[in-house]
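K.L.:
Dropping the sequence and predicted coords here.
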2 protein chains.
Amino acid sequence: MNNPLNDDMPASQNDEAFLRDCLFFNANRLSRAVTKMAEEQFAQTGLSPMYGYLIRIVNGSPGITQKLLAEKLYITPSTLTRFIDKLETKNLVERKVQGKTVLVYPTEKGNALVPRIRDASKAFKAEYENLLGKAAADLLSAELVKTSALMEE
Amino acid sequence: MNNPLNDDMPASQNDEAFLRDCLFFNANRLSRAVTKMAEEQFAQTGLSPMYGYLIRIVNGSPGITQKLLAEKLYITPSTLTRFIDKLETKNLVERKVQGKTVLVYPTEKGNALVPRIRDASKAFKAEYENLLGKAAADLLSAELVKTSALMEE
DNA sequence: ATACCTAAGTTGTATGTACACCGAAATCAA
DNA sequence: TTGATTTCGGTGTACATACAACTTAGGTAT
């Protein structure tokens, strides 16, 4: 049914095959679907997934530097600055300046939230493993990591 | 080396396995890597990939409604409104109101840009197919679509 | 020791994206 | 026909995220 040359055809005959198999759209689409699912599970914590994971890391590595934290979360340092700012105003983490680096520590309130965050992570994971199958989910995750690593040069 | 119960262990012993195999991070990471690669290839068009694809669809389906366009691009109608606003101020597309729906048409200037957009799409696709292998890239795309569809209920 | 260089974090600014809500048009029900 | 409901698109607002430029601190070389 589809002409394999569609991508080269005049606009008026274009059937948009270029959209269906485009990694740009498919990767973004997955990212939104996964984020939405995670957000639903994290709603019980009052935090979005990113903040939840952030607190969990800080709880597991008190005094971690912002640089390392940013790497673990795959976000840029400037983005992390904004996140830490927000969590600090909510009294969930605190900064300790040490020369030119900043160490991030959990607060009591932050630590108290960790069990609920852990529950949310687990529920999220359970939900997608149930949907995709555990083996398929693991495989997909591995594929995503492998592909990302290749693309990041 | 890794304790399989890490996710259940006290925070101080947590090795962050929960990050490495978390679909939330891996999907977002891929999305950023792919988007960055696409942006580099689309730089020659002066547009970001999303706008480029948008123009290409409008060029291929002049008079498409915003609703349909949003569906094709996997973005919400409100987001599309902003995009069309921008492209209209750049004289690359134009709206024609028809009752309560809006039909989107390419302008001359927009049409003139299409060959370059098509080149950018092709270069982008060639780049990632070269990096991942064509078969693997197709397979990955298919996996992403299948997973997204499952997660969107 | 002074003068560069590098590295960590912050800030200004810009972009993509969504959601909740609104108005107008269309459709359906009485 | 009139009134209620749905649908389309637009707006206000909010958030995640990035990049470039800046500041300050630490390290290095002569």
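P.N.:
Arrived safely, thanks for sending.
K.L.:
need the residues of chain A near DNA strand C, please.
P.N.:
A:28, A:32, A:36, A:65-67, A:70, A:77-78, A:80-82, A:84-85, A:95, A:100-102 (Cβ under 7 Å from any atom of the strand). To be clear about C-beta, it is placed using only N, CA and C from the backbone, and glycine gets the same treatment.
K.L.:
among those residues, which are in reach of chain B?
P.N.:
For chain B, the contacts drawn from the residues of chain A next to DNA strand C by Cβ under 8 Å from any Cβ of the partner chain are A:28, A:32, A:36.
K.L.:
how near is the last one to residue B:152?
P.N.:
Read that as residue A:36. 8 Å (Cβ to Cβ, to the nearest Å).
K.L.:
cool, residue A:55 as well?
P.N.:
In terms of Cβ to Cβ, residue A:55 sits 28 Å off from residue B:152.
K.L.:
between the two, who's got more neighbours?
P.N.:
Taking other Cβ atoms under 10 Å in any protein chain shown, residue A:55 and residue B:152 do not tie; residue A:55 has more neighbours (24 against 13).
K.L.:
which residues touch the helix or strand that the more buried one is a member of?
P.N.:
Applying DSSP states H and E as the criterion places residue A:55 in helix A:49-60. With Cβ atoms under 8 Å, 6 or more residues apart in numbering or on different chains as the test, helix A:49-60 has contacts from A:35, A:38-39, A:41-42, A:45, A:47, A:64, A:69, A:72-73, A:75, A:83, A:86-87, A:92-93, A:104-106, A:110-111, A:113-114, A:117-118, A:120-121, A:124, B:11-16, B:18-19, B:22, B:24-25.
K.L.:
what do you get if the cut-off is 6 Å, keeping everything else the same?
P.N.:
A:38, A:42, A:45, A:72, A:92-93, A:104, A:106, A:110-111, A:114, A:117, B:11, B:14, B:24 (Cβ atoms under 6 Å, 6 or more residues apart in numbering or on different chains).
K.L.:
Filter those residues down to the ones in helices?
P.N.:
Secondary structure defined by DSSP state H assigns A:38, A:42, A:72, A:110-111, A:114, A:117, B:24 of the contacts of helix A:49-60 to helices.
K.L.:
Of those - the most surrounded one?
P.N.:
residue A:38 (28 neighbours).
K.L.:
measure the closest residue to it other than its chain neighbours to residue B:151 for me?
P.N.:
Nearest non-adjacent residue to residue A:38, counting by Cβ to Cβ, 6 or more residues apart in numbering or on different chains: residue A:49, 4.0 Å away. Using Cβ to Cβ, residue A:49 is found at 14 Å from residue B:151.
K.L.:
neighbour count winner among those two?
P.N.:
residue A:49 (25 against 21).
K.L.:
Assess the claim that residue A:148 and residue B:27 are in contact.
P.N.:
No: Residue A:148 lies out of contact with residue B:27 (Cβ atoms under 6 Å); the separation is 9.6 Å.
K.L.:
So which of those two has more stuff around it?
P.N.:
residue B:27 (28 against 21).
K.L.:
residue contacts, that one?
P.N.:
Residue B:27 neighbours (Cβ under 6 Å, 6+ apart): A:30-31, A:34.
K.L.:
Of these - the most surrounded one?
P.N.:
Result: residue A:30 is most packed of the contacts of residue B:27 (other Cβ under 10 Å), 27 neighbours.
K.L.:
ranges for the strands of chain A?
P.N.:
Along chain A, counting by DSSP state E, strands occupy A:64-65, A:93-98, A:101-106.
K.L.:
Check the ones you listed for me and report the most buried one.
P.N.:
strand A:101-106 (a mean of 18; mean count of other Cβ atoms under 10 Å in any protein chain shown).
K.L.:
Mind checking if it is in reach of DNA strand D?
P.N.:
No: residues of strand A:101-106 are not located near DNA strand D by Cβ under 7 Å from any atom of the strand, the shortest gap being 8.2 Å.
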